[in-house]
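# structure for this input, please:
(one chain, ligands or ions: 1)
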Amino acid sequence: MPAMERRGMMLILSSPSGAGKSTLTRQLVADQSDISLSISVTTRPKRPSEIEGKHYHFMSVAAFKAMRDRNELLESAEVHGNFYGTPRRAVETALAAGRDVLFDIDWQGTRQIMARMRRDVVAVFILPPSMAELQHRLERRAEDNAETIARRLGNARDEIAQWGLYDYLIVNDDLEAAFYSVKAILAAERLKRDRLVGAPGFVDRLLKI
Ligand code: 5GP
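As a prediction, this is how the structure comes out:
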């Protein structure tokens, strides 16, 4: 039983492809038992290493648009020529249970979620140490073809330009240090007075004795 009941928060990690966000997301989910990862829907073709339902729910454009039209997506965006969206129900269920939810989404989705639920959002932008290093990481991943890599690099500049939307910036030149920074943000944000809905009751009980 926690000393103080807390409202769940929405922790958003964004970055251009190749800045290390997927690794940080994976590490955070493995490290934190009380955080749920939001699994997005996408019309992008599955990469060989990806698993349906774990990395994404892969679907046709028609199925995606049907979900969007039924208002089942909390946010949605077109990224690199494919559609992506966050299923609403899983997020609402987790937040209602007091769990934190982690999102690996782009700035367009971040802006949409912020517009609706700003005080529950903590948005972190991961920057690469240099554009050369970003290109190197994309090439090393080798899961995408040359055309895709070139398009992602071009888009990276536009994505980086959105840094001002975010609450926190992390330059990922060392994965361990970047992970530590994300955990520090999470730990501090969990102690924000506004999120501690149990605080008035706790202090009342404290002062009664
Ligand atoms: P990738 O295709 O490399 O997995 O992801 C491409 C980009 O789409 C990444 O920047 C990722 O954060 C973003 N993305 C993934 N899922 C969603 C989503 O549900 N909504 C939005 N807005 N962006 C997403």
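
# who's in contact with the one residue in the chain that gets nearest to the ligand?
Closest to the ligand within the chain is residue 109: 2.6 Å, counting by Cβ to the nearest ligand atom. Every residue, glycine included, has its C-beta placed from N, CA and C. By Cβ atoms under 8 Å, 6 or more residues apart in numbering, the residues touching residue 109 are 12, 75-77, 84-86, 103.

# ok, it to residue 117 distance?
As judged by Cβ to Cβ, to the nearest Å, residue 109 and residue 117 stand 12 Å apart.

# for the most centrally placed residue in the chain, list each beta-bridge partner.
Using Cα atoms, centre = their mean, the residue of the chain that lies closest to the mean C-alpha position is residue 103, 2.3 Å off. Beta-bridge pairing for residue 103 (DSSP bridges): residue 12.

# test for you: state the pLDDT assigned to it.
Residue 103 carries a pLDDT value of 97.

# show me where this protein has helices.
21-31, 61-69, 88-96, 107-117, 131-141, 146-160, 175-190, 199-208 (DSSP state H).

# ok, which of those helices comes nearest residue 4?
Checking those against residue 4 by Cβ to Cβ gives helix 199-208 as the closest, at 4.9 Å.

# quick one: distance of that closest one to the chain centre.
34 Å (Cα atoms, centre = their mean, to the nearest Å).

# and for that helix, what's in contact with it?
Here helix 199-208 has contacts from 3-5, 193, 196, using Cβ under 8 Å, 6+ apart.

# contact partners for the closest residue to residue 113 other than its chain neighbours?
Counting by Cβ to Cβ, 6 or more residues apart in numbering, residue 113 lies nearest to residue 75, which is 5.4 Å off, once chain neighbours are set aside. Applying Cβ under 8 Å, 6+ apart to residue 75 gives the contacts 85-86, 105, 108-109, 112-113.

# of those, just say which sits nearest to residue 174.
The closest of the contacts of residue 75, once distances to residue 174 are taken by Cβ to Cβ, is residue 105, at 24.2 Å.

# what parts of the chain come near the ligand?
Proximity of the chain to the ligand, by Cβ under 6 Å from any ligand atom, involves residues 14, 17, 40, 44, 75, 77, 79-80, 84-86, 104-106, 108-109.

# and these, which of them are buried?
Those of the residues of the chain next to the ligand that meet the buried threshold are 14, 17, 40, 44, 75, 77, 79, 84-86, 104-106, 108-109, by 16 or more other Cβ atoms under 10 Å.

# and which of the residues you listed is nearest residue 129?
Distances from residue 129 to those, taken by Cβ to Cβ, are shortest for residue 17, at 15.3 Å.

# I figured that closest one hits residue 156, correct?
Yes - between residue 17 and residue 156 there is a contact at 7.0 Å, judged by Cβ atoms under 8 Å.
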